[in-house]
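Enquirer: attaching a predicted model along with its sequence, questions to come.
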Amino acid sequence: MIKRMLLLVAMALVTASVAFAGGVHHVVGGDRGWDPSSGVGSWSSGRTFRVGDKIWFAYSAAQESVAELRSREEYESCDVSNPIRMYTDGLDGVSLQGEGIRYFASSSAESCKNGLKLHVEVLPQPNQDIGKAVLETTAAASAPTTPSTATHVTGISSLLLAFGFWVYYSYVGVIA
């Protein structure tokens, strides 16, 4: 019950911090975060990741960590012995600055082999002029919609997002 309430508080902070500028912030695994039960593979299918976006790994640092891997071979075999980088803070934001494929996996071989891994194909930003024209046309023709789980967050909003996840996962780590 307490975990669910804290998750709701964290999600409220995310919702309250929504701003429509900058890249898209993706919380890997959605509401469950980076967790074996989150179905990271199905969460990522159909999502588009672009240069300038940011992916967030939220997890209990006492139970998990995330390894960024160099190759598809390391990713497929869950070989985390020589990672590019280890993420161990419990709330890690990774900026997607360049095009290409990036590979992430649980540092636990068992969790990785059970599907706790993510590959992200980072695409270029679409042509800004075309995007602006589509946005203006769409905004004029449509009513407000419900926000998706990928939210645009910038500036102070990013700080609120990070603080919310830090509070949640700090507390969960204490009671788990």
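Expert: Everything's here; your move.
Enquirer: do I have it right that D53 meets V27?
Expert: No - taking contacts as C-beta atoms under 8 Å, D53 lies outside contact range of V27: 11.8 Å. C-beta: built from backbone N, CA, C; applies to glycine.
Enquirer: quick one, phi psi at V24?
Expert: phi -80, psi 140 (degrees, to the nearest 10).
Enquirer: tally of neighbours for it?
Expert: 18 (other C-beta atoms under 10 Å).
Enquirer: got it, and P124?
Expert: 10.
Enquirer: so what's it up against?
Expert: Shown in contact with P124 (C-beta atoms under 8 Å, 6 or more residues apart in numbering): R50, V51, E99.
Enquirer: cool, and T88?
Expert: A61, S65, V66.
Enquirer: now the helices: where do they sit in this structure?
Expert: 2-16, 40-44, 72-77, 109-113, 128-141, 156-175 (DSSP state H).
Enquirer: G100 and E64: what is the separation?
Expert: Distance of G100 to E64, computed by C-beta to C-beta, to the nearest Å: 25 Å.
Enquirer: who has more neighbours, these two?
Expert: Taking neighbours as other C-beta under 10 Å, G100 and E64 compare with E64 leading, 20 against 10.
Enquirer: that one contacts S106, doesn't it?
Expert: Yes - using C-beta under 8 Å, E64 is in contact with S106, at 6.0 Å.
Enquirer: list residues touching both of those two?
Expert: With C-beta under 8 Å, 6+ apart as the test, E64 and S106 both reach W34, L116.
Enquirer: about what we covered before: most neighbours among the contacts of T88, which one is it?
Expert: V66 (24 neighbours).
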